[in-house]
Every structure is written in structure tokens, then in C-alpha cells.
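Asks: Need coordinates for the below:
(one chain, ligands or ions: 2)
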Amino acid sequence: MTKWVYTFGGGKAEGGAGESDRLGGKGANLAEMCSLGLPVPPGLTIVTDACVWFYAHGKALPPGLKDQVRAGIAGMEAITGRTFGDTRKPLLLSVRSGSRASMPGMLDTVLNLGLNDRSVQALGHDAGDARFAWDSYRRFIQMYGDVVMGLDHEVFEEILEDERARLGHELDTELSAVEWQHVVQLYKDAIEEALGEPFPQDPEVQLWRAIAAVFSSWMNARAITYRHLHDIPAAWGTAVNVQAMVFGNLGNASATGVAFTRNPSTGEKALYGEFLVNAQGEDVVAGIRTPQSITEAARLASGGDRPSMEKLMPEAFASFSAICERLERHYRDMQDVEFTIERGTLWMLQTRSGKRTAKAAMRIAVDMAEEGLITRHEAVARIDPAALDQLLHPTIDPRARRDIIGSGLPASPGAATGEIVFTSEEAVAAEKEGRKIILVRIETSPEDIHGMHAAEGILTTRGGMTSHAAVVARGMGIPCVSGAGNIRVDLRNEQIIAGPIVLNKGDLITIDGSSGQVLKGRIAMLQPELSGDFGRIMQWADAARRMTVRTNAETPQDARAARSFGAEGIGLCRTEHMFFQGARINVMREMILAEDEKGRRAALAKLLPMQRSDFADLFSIMHGLPVTIRLLDPPLHEFLPKTDAEIADVALGLGMEPAALRRRVDALHEFNPMLGHRGCRLAISYPEIAEMQARAIFEAAVDAARETGAPVVPEIMVPLVGLRAELDYVKGVIDAVAREIIDESGIGIEYLVGTMIELPRAALQAHSIAEAADFFSFGTNDLTQTTFGISRDDAARFLQTYIEKGIVSRDPFVELDYDGVGELIRIASERGRRTKNGLKLGICGEHGGDPTSIRFCEEAGLDYVSCSPFRVPIARLAAAQAAIGQGG
Ligand code: PEP
Ligand code: MG
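Replies: Ligands and ions are numbered 1, 2, ... in the order given. Okay, the predicted model is just below:
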């Protein structure tokens, strides 16, 4: 018999934290908390496999499930002294999703299940509060009607609004029991009228349908989008947790809240959270009422005028903070918890490892390592390398004039400027046009996930630090200001109004997600400072890693940035990039268009001093660190004019007839330039180009060594080699130039000549090529292109479809293909090193900055990775994590 159900309650649990694959995160941790003896309402978890079964069998519940659930409920009844479906002491249930990875707000929930026309009376009697009972019943019908029966929640909201208006009630006036009872009747009528079936009275029917609805929500549109954005496989399915209800809305000694055991924005070691008195859990997340601080310190810091939980409910607060400490020690990580206080009694409803900003993650990891809670390796392993991007966000220059128009909560750090848009659709459309926008909403909902992703920043006028906008923006690393109550959004006129200031859609605003300020216009920004906790983690990472991290850079500016990010050399200088700027392109064109060698040499003579000074700059910035310079690689026509107007223009500059230029351009045309006259093929056709480049490199090395006193050992790299003889030929040219310069200057020059491995043939013939090479650098952009036979320039048109159809899980140009391209790298490494023990191996394709690909490089035994400057910190961290994972 398959075990579909795991129970927990009364200090015992069948599962535990290690079983989140089967029980989902929520279920596994409820079980764990229960075993720890913490106050958890009893319940049961239906395993994720049941969801998988459900989808494999036309959305049917698996056989045996109902009996196991019934048995689980009997256990809950024994613990609570209540009975499901009873008309005297009814047990009410919550039915919640819980997948392996947290998907906040994406899946559905039903609360207060088990209420019907009879048990509502019993609930009122039992609680001594009829108003509460009828309010609970109408909440249940509303949720159930929406989630299970599929009636739009607005139908219910409209009924309630009309009823309030009819009664002459303000928005914050509580309805009486009789009034709620009437609303319940209206709700039930609306359901029957719209759907042709009554609201089900049988609690079992309610339960089975609710479980099926939660399973079904796994495939709703927003969950699919969320999974897509977070690489969560659809095949996982969700668990369902059925738990005894506890009520935070049973009067003023009741409350509900969410908290982090440390501050999720800054990482400060202090309990941080929000609660609402006399409210049910979903009210906090929905951001409908503005919540109060949990600790007195946080209340004072935020200037809140309503009392903290610490002041208002000191006993519950004391047990709560003790539990939080205990959970942190037990899990050895910052926790994000949900709780409810029912008439003074504290209940824990959830714990999970808390989402945090990159800045907080750094601080928490460093602090916990220093507190002795985790090791330094664990601290390093806990930082998501991709999240470092957040720390590289700009902040507002403190010297800049700030035109503050309002403020809200600093919900997700970093500053951003963009045009105001009001809908997610507009945000997505604007992003497609390359416009930067700030998405301004009263509040966001899970439906906005697309728009939030497209935005530079998010501004909401309602909701707290744990509102949807705040949580999702922090997860995405997008700056967010939430709950800016002094700004009014006027959707009809597409304006925001802040006192006397009115801004229209399309106007520029800046938000500062670190201070909560909202500012008019564009403001000067500062680039981030990478010291403090960041510096510590990087230090520990550097100590843990085996591979070195270099950068791909051509300009002095990039080289300097990369050094400041900790690059340990240049792994790829693409010399062709140096020929596009300013007047150089004309000299380059002159060289390409020359009819013969003499003409080419004349143009090359003009390029030599430019190249030499570029290289000298790079050598001096790198100050003795290795610098790999690649000979000219791309097809030459990339430098040539294309349209008639461009041709006329260039012809004028070169003193040529446009028709003659057109003929020459046509003569250079290639059907498939990516596989055409490029790479080392250029140096073989026109050795004078390689000669000029080698000369520039050697002369610059001599100059830089003189200037800095640090010896320079240039590494010259030959691109797109497929044949050993190609490398032999080009190396011959380079060696000859070196000999010439040594003769001319009388100074000895040390240098390396290596090759890119970016063609399958080169990988397979690595044992032979290694005889002529001092190093290999894997050009995985071309190697992916040539292994798959997919053009790098055309891949985007169909790879997205491949991903959507599950044919590949990620773009192989982003994440290295372990099985195919990876296999070629393993073969080349192994064969190359068989010929030359200790042959230096690196990677310089885009994969050199991708954490998963970096893990592969560690496993394959590469010596270094090379990536763009801004990814250097990411690569340092990822390389350390890879080494730690390998037992480093
Ligand atoms: C590569 O092919 O991976 C590489 C680094 O070279 P490029 O991208 O310049 O072709
Ligand atoms: Mg290449």
C-alpha cells in the first residue's frame, strides 16, 4: 500500500526536515517543529507523489488516499478534542499547498474548511462569539468559491461592498453577526446562481474538492511562470497540508504574524517581523491592513505609533522569541516563520529558511561563522553567486540633490530610475522596446510577476515588508519601495499624486529601495562598495578555491574594473574589439580592402602603434598578472560597410570610388562567415597581420616591464585552430617576430603561445596539438556552436521554444552542456595533459561566468576560468563553492 499521508501533532511526527522532496518544504518543517516539541496545530501532509499521480491519472485522487486522510484526521480529532463535521465541537481545517521549493502566493489555500450552515452555529457557541463564526464562514465561502468552485473573487468583493453601502458602513466598520449571516446568504445565492450548484454542505465533499483544487493550482498560469523563472521542474508536484485551524481573529488577545529570525534586508541579528491583532494569516501577506512591528526596537526605528507585540503581548512575545532562537540554532540558518496567537496561546504555522537580500545573506553568513554556528566553508557555500548581482547594484550618490516626493518602506535594496507605468502589461511591452521603467501599483499580486520581472524597480502605495511586492522583489533582486502611503495612484488619469506634485505615466522617477525614498526624475548613482562582509566572504572564498579567475577585457576601463573585482589576470583579450573605435576602423578598413600585401603592410604599420599602446596599458594595469592576447579572430567583413549610404561614406573617407568599394566588399562576401575566413585562417592567409600583432605585444611587454618593474610574460593565443599544422604555422610566425625583437633590443623575452580549443576536431586531436601549445583555452561559445551545429547568432529564435517544450532545460550557450560539449572538454584536457603533463587549461567562453558551468570546470580540472569583469566576483564565489563541493 502506497503511503500517501504523513501525520504530525502532539509532539510526534512521521516525517522530518530531511524529507522535503516528498513532504514539500512546509510539511517537512511542520513535522520537524512538531518533533522538537514546539506548539504546532496537529495535521497531515499528503505527499508530492500524490500530486504527480493526480496529473498522471486525469486529475483523480489516488486510491487509498481518502482512507489515509480520514485516519489522519481521526488523530487530529483525538489531539484537539474536536470532530470534523461535528455540529457541537467542529474541527475546522486549513488546506494549504507546500512544494519542495517555496513559491510564495503562487498556489492556492483554503481556510476554515468544515464550516456549513450547522457547524457555524456550533463554532459561534463554542467560541462564545457569533460574529467571529459568521465572519469565518463567509471567509470560507469566499475562498472556497474562488479557489475550488472557480467563481471570481471580485463577485464576493462586490457583494460585500454593496452590502456595506446599503448598511451605511465605513470601510473599517466591523459587521455584526447578523450582518455577516446575511452576507453568507448572499454569497451562497451568488454561487448557486452563477454555477447552478449550491455551496457544498458536506465537509468531506468540501475536503476532497479542496485537495484536488490545491493540486490543480500547481498548473495555474502564475505558478507555471514562477517555476519557469526559478527553474523549478513541473514534474515535482506539490504536497498538501491539512491542518487543524487556529484563529488569530478571536478578539484582541489573538493575532497573526510573520517574522524573520534576523533582518532579511540588512542581516542584522534581531528578530524582525510584523503582526496584526485580531486577524487571520492571509491578511498580513495580502497587505490590506498595515501591520505592526513585533519588537519594540523595530517599532521605534520605523517611528510606528501602534504598539509592538513585545509591548502588547509580552508573554506570547517571550515564548515566540525563545522559539525563534531555538529554530535558528536547530536549522543553523535564519528562519522565516509564521505564527498565530489564539486567545493568548502561541501556535507555530511554518518555518523555512528565510529569503534575504544578497547583502543580508553576506552579513548573516559572516555573523553565523563568527558565532561558531557554521564553518567558513559553509558560510561561503550559502551565498548564491547569482545574487551577488544585487550587491553590484548602484546606490544614490549621497551628494546628489534629492527631489523627494514621498517615501515608503525600504522593501528591496538598490536604487533605480525609470519611466512610470501602471500595469504589468505596459511594463513588459516597455521592456521589449528597451525602455527602463518603474512599475507603480497600489499593491501587486502574483499575477504581476511578469511585469515585476520587466521593471527596474517597483513602487507600491500599500503593503508592508512582507507584502507580495516586497517578498517577490527581494527574491528577484529588484529595488522596491512598498507602502508609500503618502503617494496616491490615480489609475483613471494614469497619474501619481504626492501632495502638490503630479507625475504622469512616462515621467521619470527614481526609487531608493534601501531608504524607502521616492524621488522625482533621474538622480546620480554610485557604484557599489565591495568591502565589509562582502570582502570577508570573498576572502574566505579565495582561500577555499583551487581555480584562478581571470577576466575577458580589452579596454583599460574594463581591465581596471576587473582588477577591482579581484580578477587575477586577463584570460581573453579580443583584439578585434580594439579596432572598432574612432578612427581605427578606417585604418582597419584600409588594411582589409588593400589589394595586395604591400597595401596591407602600409595600413598595418599605422595600426602597430595603436595596438602597442593598448597592450602596454593592459600590461601595466595587470601589473605582472598573466595576460592572454588573442590574435585577430572574426570574419573581416564585420568591419566593412553594408548599405549603399555606408559604402558611399566609407569610400569618401578612403578616397575610393563607391563602385570599386562595393566590388571589393562583394568579393569578401561569405555564405557562412562564422565558419568561414576567420580565426587562425586569417593569419595563415595574411601572416603580416599576425606579425604586426606579435610585434605590438612584445614591444609593449618590454615597455611595460621597464615601466612597472614587474616582468610581463605575454600569453599569445591562436583562435579557431582545428589542425595541428595551423598552430605550427602561426606559432612559426610569432616565434620569428620574437627572435627579431630579441635581436633588435638585446633583451630576452619570455612568452607563451597557446590555442583556443573551440572546434571538436581540436578537442579530439588535443594530444597532437598540445605538442605545439603552451596552454589551451576552451572557447565554449564556438565549441557549443560547432558541437551542436547551432549558429550562435541564430539560436535565440528557436532555443526558447526548445526550453518551453522541455527539449533542453537551459540554453547551452548560457549553461555548459555537460554531456556533449563537456565531454569534448574532458577529452581535450585528458589528451592534452597526456602529451604535456600539467598543460595549463582555462575557459574563456561566456560559460566562464556561469556558476553551474564553473562547477563543471572544477570537476574537469581546469586551472582557471575567465569571464566579463562584472561576473568576476560571481566566478570567484562559484569556483570556491565548486572546490568545497569537491571536498576542497
Ligand atoms: C568562444 O568562442 O568561446 C570565445 C571565447 O571566442 P569568441 O566568443 O570571441 O568567438
Ligand atoms: Mg570563439
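
Asks: For the protein, which residues score under the pLDDT cut-off?
Replies: Confidence mapping of the chain against pLDDT under 70 gives the ranges 284-288, 389-390, 465-466, 475, 529, 581-582, 887-888.

Asks: Now with 50, please.
Replies: Of all residues in the chain, none has pLDDT under 50.

Asks: which helix in it runs the most residues?
Replies: Longest helix in the chain by number of residues, with DSSP state H as the criterion: helix 597-622.

Asks: then the helix or strand just after it to CSV, C-alphas only?
Replies: Proceeding N to C from helix 597-622, the next assigned helix or strand is strand 627-630, under DSSP states H and E. C-alpha atoms of strand 627-630 as CSV (Å, rounded to 0.1, in the frame of the first residue of the first chain):
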residue,chain,number,x,y,z
VAL,A,627,47.5,38.5,-19.9
THR,A,628,46.3,36.3,-22.7
ILE,A,629,46.0,38.2,-26.0
ARG,A,630,44.2,36.5,-28.9
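
Asks: For the stretch 501-650 of the chain, list the residues in contact with ligand 1, please.
Replies: Contact residues, the stretch 501-650 of the chain versus ligand 1 (Cβ under 6 Å from any ligand atom): L572, R574, D633. Where C-beta positions appear, they are placed from N, C-alpha and C, glycine not excepted.

Asks: Reformat those residues as TSV; add distance to K3 and secondary structure.
Replies: Shown next, in TSV, are these (distance: Cβ to Cβ, whole Å; DSSP: H, G, I helix; E, B strand; the rest coil):
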residue	distance to K3	secondary structure
L572	54	strand
R574	58	strand
D633	60	coil
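
Asks: Can you show me the strands along the stretch 451-600 of the chain?
Replies: Taking DSSP state E, counting those that start in this stretch as the test, the strands found in the stretch 451-600 of the chain are 457-460, 480-482, 488-490, 495-498, 501-504, 508-512, 517-520, 525-526, 548-552, 570-574.

Asks: winner for burial among the ones you listed?
Replies: Of all those, strand 480-482 has the most neighbours on average by mean count of other Cβ atoms under 10 Å, namely a mean of 32.

Asks: you'd agree G257 is in a strand?
Replies: Yes - using DSSP: H, G, I helix; E, B strand; the rest coil, the assignment for G257 is a strand.

Asks: where's the residue nearest to the spatial centre of the chain relative to A559, distance?
Replies: Centroid-nearest residue in the chain, with Cα atoms, centre = their mean: M476, separated by 5.0 Å. With the distance defined as Cβ to Cβ, to the nearest Å, M476 ends up 31 Å from A559.

Asks: residues touching Q68, list them.
Replies: Neighbouring residues of Q68 by Cβ atoms under 8 Å, 6 or more residues apart in numbering: K3, W4, V5.

Asks: Ok, R222 next?
Replies: Applying Cβ under 8 Å, 6+ apart, we find R222 in contact with M106, P446, E447, I449.

Asks: Can you spell out the domain ranges of this protein, please?
Replies: What automatic domain parsing lists as the domains of the chain is 255-356, 394-526, 545-635+670-885.

Asks: ok, the last one near ligand 2 or not?
Replies: Yes - among the residues of domain 545-635+670-885, E758, G779, D782 lie within reach of ligand 2 under Cβ under 5 Å from the ion.

Asks: is it true that the second one touches H847?
Replies: No - the pair G779 / H847 is not scored as a contact, 10.0 Å apart, by Cβ atoms under 8 Å.

Asks: just to revisit the earlier point, right, and out of the contacts of R222, which lies closest to ligand 1?
Replies: Nearest to ligand 1 out of the contacts of R222 is I449 (Cβ to the nearest ligand atom; 33.0 Å).

Asks: Remind me which helix or strand that closest one belongs to.
Replies: helix 449-454.

Asks: Quick one: distance of that helix to the chain centre.
Replies: Put simply, helix 449-454 sits 12 Å off its chain's centre (Cα atoms, centre = their mean, to the nearest Å).

Asks: for stretch 683-691, same thing?
Replies: For stretch 683-691, the distance to the chain centre is 45 Å (Cα atoms, centre = their mean).
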